[in-house]
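Visitor: What follows is a protein structure lacking sequence information:
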């Protein structure tokens, strides 16, 4: 596959991802959630169980930025306490997006020591890994996984834009 064909394939995939996640955003009326707490309650209701969000201090978390552990009676989202607040928020929204999109468990965590303490529990471990590399590495990633991650990223961006919008549009018009 030539670079041009590859880029075109990624473009069409991105357009599909954007359309699906925008539809999910609108159908679930996520634009009505004005705070993270309201969004968390909304996604908890969709998921059918409470979702707890906690910062974690763990030296093993070098490549893992956030983690969703889904237990039978609750879900837990853990995120690195050492990241900036803005990046923490993005990671939380990314995990909430996976939940809202009803994505399956993540099987790409391998033997990462940062999740070892969660293996063997009655929870399904799902995570968000930092990956180094360029377009060549992206092309080698499993297509389904790339699409799921793309969907979660796109929905996380829609959620963040919605949460960060001005509360009083008229006041913002002063700035142009």
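Guide: Structure received. What you are looking at is a predicted structure, and each value in this text was computed from that prediction instead of being measured.

Visitor: all helices for this protein, in order.
Guide: Using DSSP state H, the helices assigned to the chain run over residues 3-27, 36-47, 85-100, 135-140, 143-163, 169-172.

Visitor: So residue 163 sits against residue 34, correct?
Guide: Yes - assessed by C-beta atoms under 8 Å, residue 163 is found in contact with residue 34 at 7.3 Å. Every C-beta, even on glycine, is put in place using the N, C-alpha and C of the backbone.

Visitor: Among the two, which residue is more densely surrounded?
Guide: residue 163 (17 against 12; other C-beta atoms under 10 Å).

Visitor: ok, that one to residue 90 distance?
Guide: Distance, residue 163 to residue 90, by C-beta to C-beta, to the nearest Å: 11 Å.

Visitor: Please apply the same query to residue 25.
Guide: Going from residue 25 to residue 90 by C-beta to C-beta gives 16 Å.

Visitor: repeat for residue 155
Guide: Residue 155 is 12 Å from residue 90, by C-beta to C-beta.

Visitor: So for those two, which sits in the more crowded spot?
Guide: Of the pair residue 155 and residue 90, residue 155 is the one with more neighbours under other C-beta under 10 Å, namely 26 against 21.

Visitor: So what's the residue count around the nearest residue to the more buried one once chain neighbours are set aside?
Guide: Residue nearest to residue 155 in three dimensions, not counting chain neighbours: residue 97, with 3.7 Å by C-beta to C-beta, 6 or more residues apart in numbering. Residue 97 is flanked by 26 other residues according to other C-beta under 10 Å.

Visitor: Residue 97 against residue 150, yeah?
Guide: No - counting by C-beta under 8 Å, residue 97 stays clear of residue 150, with 10.5 Å between them.

Visitor: Can you find the helix or strand in this structure with the smallest mean pLDDT?
Guide: helix 135-140 (a mean of 44; mean pLDDT, DSSP states H and E).

Visitor: State the distance from the closest residue to residue 66 other than its chain neighbours to residue 160.
Guide: The shortest distance from residue 66 to any non-neighbouring residue, by C-beta to C-beta, 6+ apart, is to residue 91 (3.7 Å). From residue 91 across to residue 160, the span is 11 Å (C-beta to C-beta).

Visitor: repeat for residue 80
Guide: Residue 80 is 18 Å from residue 160, by C-beta to C-beta.

Visitor: Those two: who's more crowded?
Guide: Ranked by neighbour count (other C-beta under 10 Å), residue 80 and residue 160 place residue 80 first, with 20 against 17.
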